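# Okay, sequence plus prediction incoming.
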Amino acid sequence: MAPNDSARITEEDREPGEGRRKAARYALPVAVAGVAAATIGLVPALAATGDPELPRISAQQLIEKIAASETEQLSGSVKITTDLGLPSLAGLGDLAGGALAGKGGPGGSGATDGSTADPNAKLMELSSGTHTLRVAVDGPDKQRLSIRDTAAEYSLIHNGGEVWAYDSASNEAYHVRAPKDAAKGGAAEDGGKHAPKDALKDVPATPKEFAEQALKAAGGTTSVTVDGTAKVAGRDAYQLLIKPKQSGSTVGSIKVAVDAKTGTPLKFTLSPSSGGKAVVDVGFTEVDFAKPAASTFDFTPPKGAKVTQGDDKGAGDASGIPELPKGHDSAKGPKELGDPKVIGEGWNAVYELNTGAGEGVTGAAKPGDVPAEAQQFLDALGGKVTGKFGSGTVFKTRLINALMTDDGRVYVGAVTQDALVKAANAAK
């Protein structure tokens with residue numbers, strides 16, 4: 001095993017990846033699961049097959065190696081195992097794909113007419129259990145992700161100006177077009193009905209994207225070391241260990257296996273500060289850095305498939321934020337919340353938002369506004385707390401926790417319940 005080395009990472013030294021999630025998505029109770037799922041993304045556990053002997057390298061050098069990686073083409077198999085400590089998500093996928101109000105879901109008048117191929121609904125399933133994926137990437141314009149089940153497969157394909165999703169189990173397809181000027185401005189001038197050119201960019205699909213998010217937090221609050229070597233997907237790799245120096249975070253450590261030759265992260269493991277098995281374990285079981293065949297990104301709906309056009313009226317926008325029950329007229333929607341206030345720093349950062357609901361988020365929705373499955377899910381997550389801020393409900397997972405106060409404020413972060421209450425008290 002190669003000698004371990006360590007380095008303190010400062011704001012000047014590190015080269016973080018771009019952040020991809022907006023804090024405004026943390027605004028409502030069910031978003032706790034959504035944020036966790038987005039954090040988890042799409043790709044986990046595989047057994048190492050021995051520790052290779054590799055040249056000595058410092059943590060700083062390894063981070064620079066990741067930043068300098070020019071890998072834009074690859075294909076392979078990925079295994080994802082996630083354990084957020086969530087109650088069963090059965091029945092919530094359809095709700096996430098359309099309106100979360102009682103009218104959504106299959107057979108209703110939800111935003112996507114209940115299409116089982118809608119990515120918003122399908123990707124929610126990755127927030128629990130173990131899944132096997134196939135991924136292929138050929139630069140920023142071509143990506144393919146396939147989720148394999150026992151007797152079916154779900155595929156998400158981005159090829160230039162077209163984005164397709166297909167569910168073989170139901171023989172349903174979902175299609176979104178990118179505008180011709182997407183490359184110039186990203187968002188279209190059509191109110192967001194079309195998918196941006198980089199429609200799959202915001203969906204983490206490889207360990208590299210997870211690693212970039214983790215390294216973004218590196219600074220004076222973080223310890224970064226090289227923790228030996230490993231074999232991942234048959235390739236020699238260094239192991240980068242990232243640990244918060246602060247107490248109060250739900251994150252215990254993050255380990256990233258980095259390909260010794262290309263600098264591409266091959267595996268990402270997030271362990272909770274509470275102990276036990278990993279919350280997220282993402283990694284390649286096999287990987288090939290050759291250019292995938294062009295046909296990999298071709299798709300034509302099979303004969304007889306039901307096709308839902310995502311840019312049709314009523315099909316929702318491309319932001320990926322589902323419609324939520326409005327409750328009282330005074331409550332603000334996700335897009336009206338504005339920029340959140342940040343309390344604390346580093347791993348202990350807590351985001352504060354004001355929903356504008358005078359009677360609080362937890363009491364804003366009237367009976368019947370929230371489907372039974374969603375209400376049971378929220379009840380299983382929530383617990384009442386009190387403090388100088390007043391009273392409210394904490395919705396907990398093993399990674400992301402949120403406090404909803406009775407006066408309509410939301411506090412969310414990868415911190416413990418005590419840290420949330422402390423932040424709310426300080427804000428008051």
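Alright, I've got the coordinates. Residues are numbered from 1 along each chain as shown.
# Who does Glu162 form a beta bridge with?
Asn159, Arg177 (DSSP bridges).
# low-scoring stretches of the stretch 51-200 of the chain, by residue?
87-114, 178-200 (pLDDT under 70).
# One more: the stretch 201-350 of the chain?
Those would be 201-219, 311-338, if you go by pLDDT under 70 across the stretch 201-350 of the chain.
# All the strands of it, residue numbers only.
Under the criterion DSSP state E, counting those that start in this stretch, the stretch 201-350 of the chain contains strands at 222-232, 235-244, 251-259, 265-272, 280-288, 306-309, 341-343, 350-354.
# any chance of those strands in TSV, plus mean neighbour count and distance to Ala117?
Heads up, the C-betas are built off the backbone N, CA and C, glycines and all. Below are those laid out as TSV (neighbours: other Cβ atoms under 10 Å; distance: least, Cβ to Cβ, whole Å):
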stretch	mean neighbour count	distance to Ala117
strand 222-232	21	32
strand 235-244	22	34
strand 251-259	23	32
strand 265-272	26	27
strand 280-288	23	24
strand 306-309	16	7
strand 341-343	16	37
strand 350-354	22	32
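# Lys122: which of these is closest?
strand 306-309 (12.7 Å; Cβ to Cβ).
# quick one on the thing from earlier: want to throw the strands of the stretch 201-350 of the chain into a markdown table with distance to Arg409?
Output for the strands of the stretch 201-350 of the chain, formatted as a markdown table (distance: least, Cβ to Cβ, whole Å):
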| stretch | distance to Arg409 |
| --- | --- |
| strand 222-232 | 28 |
| strand 235-244 | 25 |
| strand 251-259 | 24 |
| strand 265-272 | 26 |
| strand 280-288 | 28 |
| strand 306-309 | 37 |
| strand 341-343 | 10 |
| strand 350-354 | 6 |
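# Tell me which of those sits nearest to Pro119.
strand 306-309 (11.2 Å).
# what lines up beside that closest one in the sheet?
In the sheet, strand 306-309 lines up with strand 172-177 (parallel) (DSSP bridges).
# Look up phi and psi at the nearest residue to Leu84 once chain neighbours are set aside.
Nearest non-adjacent residue to Leu84, counting by Cβ to Cβ, 6 or more residues apart in numbering: Thr397, 4.3 Å away. Dihedral pair for Thr397: phi -130, psi -180, per degrees, to the nearest 10.
# what's the neighbour count on Thr397?
23 (other Cβ atoms under 10 Å).
# follow-up on the earlier one: how about the strands of the stretch 201-350 of the chain, which one is nearest Leu74?
Across the strands of the stretch 201-350 of the chain, closest to Leu74 is strand 280-288 (Cβ to Cβ), at 6.1 Å.
# What is that closest one packed up against?
helix 31-40, strand 73-83, helix 207-216, strand 265-272 (3 or more Cβ pairs under 8 Å, 6 or more residues apart in numbering; DSSP states H and E).
# CA-only coordinates of the shortest one in CSV, if you can.
Taking C-alpha atoms only, strand 265-272 is exported to CSV below (Å, rounded to 0.1, in the frame of the first residue of the first chain):
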residue,chain,number,x,y,z
PRO,A,265,-13.1,9.4,-9.8
LEU,A,266,-14.2,5.8,-9.9
LYS,A,267,-16.0,5.4,-6.6
PHE,A,268,-17.6,7.7,-4.1
THR,A,269,-18.6,6.6,-0.5
LEU,A,270,-20.3,8.9,2.0
SER,A,271,-20.5,7.6,5.6
PRO,A,272,-22.7,9.3,8.2
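# Note down every partner strand of that strand and its orientation.
Going by DSSP bridges, the partners of strand 265-272 are strand 251-259 (antiparallel), strand 280-288 (antiparallel).
# Run the angle between that strand and strand 222-232 for me.
130 degrees (axes from the mean of the first three to the mean of the last three Cα atoms, to 10 degrees).
# Next: the longest one.
Interaxial angle of strand 73-83 relative to strand 222-232 (the same axes, to 10 degrees): 110 degrees.
# Convert strand 73-83 to CSV, retaining C-alpha atoms only.
Taking Å, rounded to 0.1, in the frame of the first residue of the first chain, the C-alpha atoms of strand 73-83 are listed here in CSV:
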residue,chain,number,x,y,z
GLN,A,73,-15.8,9.8,-23.0
LEU,A,74,-16.5,6.6,-21.1
SER,A,75,-19.0,3.8,-20.7
GLY,A,76,-19.5,1.2,-18.0
SER,A,77,-21.6,-0.4,-15.4
VAL,A,78,-22.3,1.3,-12.1
LYS,A,79,-23.9,0.0,-8.9
ILE,A,80,-25.6,2.4,-6.5
THR,A,81,-26.6,1.6,-3.0
THR,A,82,-28.3,4.3,-0.8
ASP,A,83,-29.6,4.2,2.7
